[in-house]
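A.B. asks: 3D, please:
(one chain, ligands or ions: 1)
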Amino acid sequence: MGKHTPNSTDASAARHLETGRPGRQAKTSRSRVAREGSALVAHGPVGDPVVTARNLSKVYGRGDNAVTALDSVDVHIARSRFTAIMGPSGSGKSTLMHCLAGLDSVTSGTIHLDGEEISAMSQRRLTKLRRRRIGFIFQSFNLVPTLTAEENITLPLDIARVRVDRERFDRVVETIGLRDRLTHRPAELSGGQVQRVACARALVGSPAVVFADEPTGNLDSRSTDQVLSILRSSVDEMGQSVVMVTHEPDAAAWADTVIFLRDGRVVAEMNQPDRDRVLDALHELGSPEGPHIGVGDIQQEVDEAWAQPQRTAPTGIRQPSQAGKSTGKEWSDEDSRADRPSTDPWGIG
Ligand SMILES: Nc1ncnc2c1ncn2[C@@H]1O[C@H](COP(=O)(O)OP(=O)(O)OP(=O)(O)O)[C@@H](O)[C@H]1O
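C.D. replies: Okay, the predicted model is just below:
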């Protein structure tokens, strides 16, 4: 697993040389540059999209309690690439991911996933599509405790009555490096090992796209690197498409592209990111005159870097601080509860 590394300025240049893929300079010149000298570019269509959202809006609740989590966003996710989604707390990252993955309904707009419009699908068809075409990795690992690692890995395929491709299974197990743990139950594995099993579960069915929501949020740095390395190699070696929501610039540095959200809108993207440029971008987008970001709690840095609510809030968008998430107001509302994304994408329970 050691050969896959996050982007650094040198690594980024080296990858360009190795792969012939456009490097940072070439990428930035293909579209409008957000600012002179910036690594940020406008987010726009990609040549071979695996997921596309157009004019996507998501409003939770009604009336005085309405919260616009996504405000007419267009999103283009490239096939066989690793895409990270970043933004401050409450900017709509999870909502976007849940809508793109067919876990949450949209208020308006369309979503196409691997050529199929999912925004108009019935729940029944969506559940079927999620089982067969989408891989999921969540922050809290949600493996079934009574099943072995191997049974957990094949569970979505078993439920979908899809035959397990043993060649793919072996390849995925090789990638996660846990062949000797396949008969163990989750309680007999470390947190990092459990999340690697969750990665295998997401990858084994060769899904059109893997969605990972803060997959390293509960892991130590070694396990974090292992999980990100698995995702990276699934893209490089299996042509997998991966979308990951993350708060961590270190994690985003493993991606090919970072899409930045703010206040329910897509504000920019960065290609071939590295940690420092991601941090600079967060700072630049949110607080150009603010203090230099140093070491410390990364989420606090990110939130501080973005915290300019009065100046930049789009009309109709409530700020996270007003949105009630911290007070739990919307979450106790009956209508919103019905809106809450599923934590069981496979329709097991
Ligand atoms: N079920 C819900 N009911 C009401 N409001 C919600 C619901 N889910 C999310 N929201 C609100 O929508 C907005 C976007 O939330 P979302 O969880 O997508 O943001 P996020 O960027 O993923 O945040 P975080 O980084 O804190 O997880 C927030 O203002 C949040 O309070």
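
A.B. asks: low pLDDT regions in this protein?
C.D. replies: Where the chain drops to pLDDT under 70, the residues are 1-4, 8-38, 286-344, 346-349.

A.B. asks: please enumerate the helices of it.
C.D. replies: 9-19, 24-29, 93-100, 123-133, 149-159, 166-176, 191-203, 221-238, 249-252, 275-286, 298-306, 309-312, 329-332, 334-339 (DSSP state H).

A.B. asks: report all helices and strands that the fifth one contacts.
C.D. replies: Spelled out, it's helix 149-159. helix 123-133, helix 166-176, helix 191-203 (3 or more C-beta pairs under 8 Å, 6 or more residues apart in numbering; DSSP states H and E). The C-beta positions use only the backbone N, C-alpha and C, and glycine is treated the same way.

A.B. asks: what sits up against it?
C.D. replies: When contacts are defined by C-beta atoms under 8 Å, 6 or more residues apart in numbering, helix 149-159 is touched by residues 131, 143-144, 147, 163-164, 169, 172-173, 178, 181-186, 189, 197-198, 200-201, 204-205, 346-348.

A.B. asks: are any of those buried, and if so which?
C.D. replies: 131, 143, 169, 172-173, 178, 181-182, 184-186, 189, 197-198, 200-201, 204-205, 346-347 (16 or more other C-beta atoms under 10 Å).

A.B. asks: distance check, residue 144 against residue 241.
C.D. replies: Relative to residue 241, residue 144 is positioned 26 Å away (C-beta to C-beta, to the nearest Å).

A.B. asks: and if you look at residue 263?
C.D. replies: Residue 263 is 27 Å from residue 241, by C-beta to C-beta.

A.B. asks: so who does residue 83 touch?
C.D. replies: Residue 83 touches 77, 241, 242, 243, 244, 255, 256, 257, 258, 259, counting by C-beta under 8 Å, 6+ apart.

A.B. asks: tell me what it is bridged to.
C.D. replies: Here residue 83 sits in beta bridges with residue 243, residue 257, as judged by DSSP bridges.

A.B. asks: same check on residue 135?
C.D. replies: Going by DSSP bridges, residue 135 forms beta bridges with residue 210.

A.B. asks: tell me the contacts of it?
C.D. replies: Neighbours of residue 135 in contact, by C-beta under 8 Å, 6+ apart: 201, 202, 203, 205, 207, 209, 210, 211.

A.B. asks: now the spatially most central residue of the chain, nearest residue through space, not along the chain?
C.D. replies: For the chain, the residue nearest the mean C-alpha position is residue 244 (2.1 Å; C-alpha atoms, centre = their mean). Excluding its sequence neighbours, the residue lying closest to residue 244 (C-beta to C-beta, 6 or more residues apart in numbering) is residue 212, at 4.2 Å.
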